[in-house]
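Colleague: below is the sequence, then the predicted model.
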Amino acid sequence: MLSVSIVGGSGYVGGELLRLLLGHPHVEVRQVTSERLAGQYVYSTHPNLRGRTELRYSPQSSLEPCDVLILALPHSSAAKNIEHYAGLGQAIIDCSADFRLRDPEAYSRWYGEKHPAPHWLERFVYGLPELYREQIRSTRYVSGVGCNATAINLALLPLVKAGLIDQTKPVVAEVKVGSSEAGAVANDGSHHAERSGVVRSFAPVGHRHTAEIMQAHGLENVHISITSVEMVRGALATCHVFTQGSVNERDLWRAYRAAAAEQPFLRIVHDRSGLHRHPEPKILAGSNYADIGWALDEATGRVVALCALDNLMKGAAGAAIQCLNLMHGFEETVGLEFTGLHPV
Amino acid sequence: MSAQCPECEGTIALAADILDGEIVPCPDCGAELEVVSLNPVVLELAPEVEEDWGE
Ligand SMILES: [Zn+2]
């Protein structure tokens, strides 16, 4: 059994990590830390886990060595203490944004501060198996992925791989996201009267995940906007792309099939009829699938590339467990078989 | 036995006793396809009723 501990386990990503790991046949969860909740049962904050575990939160000071340390900490906490964590975990999966970018300059530009441990950046592999599967298999250090970045990266993957994008024209992506993206700590914006029913442009420009899309796909001319909508879990990326040369439906089917082949969590959703003809995040809650699809406006050469996912799963904890599986030679899908609910 | 979807080029598994005129759905794109000949099997897009979701 692989011993796994979660550092910073009281948030939503921590709860999902714990849910997945408790159901994982090759994993034993050793410790879950929270300074604030030390001594309390983990199901006091993750009520769905009652009856599944008697684990209680530990303070970080009592962390013991383990095979895998999964970090789900606030921004920059992982980077500031990475030497300490690397001394405890044989392998590290960091769910924060601290080690996602390879270039320290890009980190400074997007995060407005110097990276606390720049020499560690090259040791980490970006935790998106659809792009970096072989590197993930052979590393001890994997970064998390941005949930919005993942929705956009997977939406664009087939078009990038097939070389269909006219890069002289901007790629513009809009992501509609649920409230769980904002985390488990309440703020003014999450107050029910303010959040309920909202369609709020919270990052029309300048979102930090842009850097992850530029890095993953080598796109320079990419622009993203994020909108909060009435949903708890889920993200839907709608990306507007202009193709080079003329492209038809069959070209796109070939591109999407090529990109989704041998990707166990990518599903093409592009039905001619019915309600569910395009990807929708609602049915993916709790699942690790990313549904991808498109619509083509042949007259203008515009492809609207779509991706739906659960931000806490494929956009965070699910991706982390997928990477854990790859790093340790397990079946990539083990512990991630849940298909989501319908209706929900 | 299988045939190719004329819309998306997906592979459609067919029963051995498939009949001329039978309608089969494509598992990939959902197109309703009509068997227009046997030996070899040829599929064509079947006429559809336009959907209206009232939006
Ligand atoms: Zn088809």
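Modeller: Great, that's in hand.
Colleague: state the number of residues packed around residue 47.
Modeller: Using chain A. Residue A:47: 9 surrounding residues under other C-beta atoms under 10 Å in any protein chain shown. In this view, the C-beta of every residue, glycine as well, is placed from N, C-alpha and C.
Colleague: that's the wrong chain, I wanted chain B
Modeller: 7.
Colleague: dihedrals phi and psi, it?
Modeller: phi -60, psi 140 (degrees, to the nearest 10).
Colleague: show the pLDDT at it.
Modeller: In the predicted model, residue B:47 carries a pLDDT score of 82.
Colleague: same check on the one 4 residues further on?
Modeller: On the pLDDT scale, residue B:51 is placed at 64.
Colleague: neighbours around residue A:140, how many?
Modeller: 15.
Colleague: doesn't residue A:327 make contact with it?
Modeller: Yes: Residue A:140 lies in contact with residue A:327 (C-beta atoms under 8 Å); the separation is 7.3 Å.
Colleague: what residues do these two have in common as contacts?
Modeller: By C-beta atoms under 8 Å, 6 or more residues apart in numbering or on different chains, residue A:140 and residue A:327 have these common neighbours: residue A:91.
Colleague: what strands line up against the strand ranked longest in chain B, and which way round?
Modeller: Ranked by residue count under DSSP state E, the longest strand found in chain B is strand B:32-37. The strands beside strand B:32-37 in its sheet (DSSP bridges) come out as strand B:23-25 (antiparallel), strand B:42-45 (antiparallel).
Colleague: how about those, which one is nearest residue A:169?
Modeller: When the strands paired with strand B:32-37 are compared by C-beta to C-beta, strand B:42-45 sits nearest residue A:169, at 32.5 Å.
Colleague: distance from the closest one to the middle of the chain?
Modeller: Chain-centre distance of strand B:42-45: 6 Å, with C-alpha atoms, centre = their mean, to the nearest Å.
Colleague: next, count neighbours for the residue in the stretch 201-344 of chain A that chain B sits nearest to.
Modeller: Going by C-beta to the nearest C-beta, chain B is nearest to residue A:271 of the stretch 201-344 of chain A, at 3.6 Å. Counted with other C-beta under 10 Å, the neighbours of residue A:271 add up to 17.
Colleague: now do the SS call for it.
Modeller: Look at residue A:271: counting by DSSP: H, G, I helix; E, B strand; the rest coil, its state is coil.
Colleague: quick one: contacts for it?
Modeller: Shown in contact with residue A:271 (C-beta under 8 Å, 6+ apart): A:277, B:29-30.
Colleague: with residue A:331 instead?
Modeller: Residues in contact with residue A:331 (C-beta under 8 Å, 6+ apart) are residue A:325.
Colleague: cool, and residue A:323?
Modeller: By C-beta under 8 Å, 6+ apart, the neighbours of residue A:323 are A:93, A:127, A:129, A:136, A:142.
Colleague: now, those residues that are in strands?
Modeller: Within the contacts of residue A:323, residues falling in strands by DSSP E are A:93, A:142.
Colleague: one step back: out of the contacts of residue A:271, which touch the ion?
Modeller: If you filter the contacts of residue A:271 for contact with the ion, counting by C-beta under 5 Å from the ion, you are left with residue B:29.
Colleague: turn the contacts of residue A:271 into TSV, including secondary structure.
Modeller: Formatted as TSV, the contacts of residue A:271 follow (three-state DSSP):
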residue	secondary structure
A:277	coil
B:29	coil
B:30	coil
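Colleague: restricting to C-alpha, output the helix or strand hosting residue A:107 in CSV.
Modeller: Following DSSP states H and E, one finds residue A:107 within helix A:104-111. Provided in CSV are the C-alpha atoms of helix A:104-111 (Å, rounded to 0.1, in the frame of the first residue of the first chain):
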residue,chain,number,x,y,z
PRO,A,104,10.4,32.1,-13.0
GLU,A,105,10.0,35.3,-15.1
ALA,A,106,6.5,34.2,-16.2
TYR,A,107,5.7,33.5,-12.5
SER,A,108,6.8,37.0,-11.5
ARG,A,109,4.8,38.5,-14.3
TRP,A,110,1.6,36.8,-13.5
TYR,A,111,1.8,36.5,-9.7
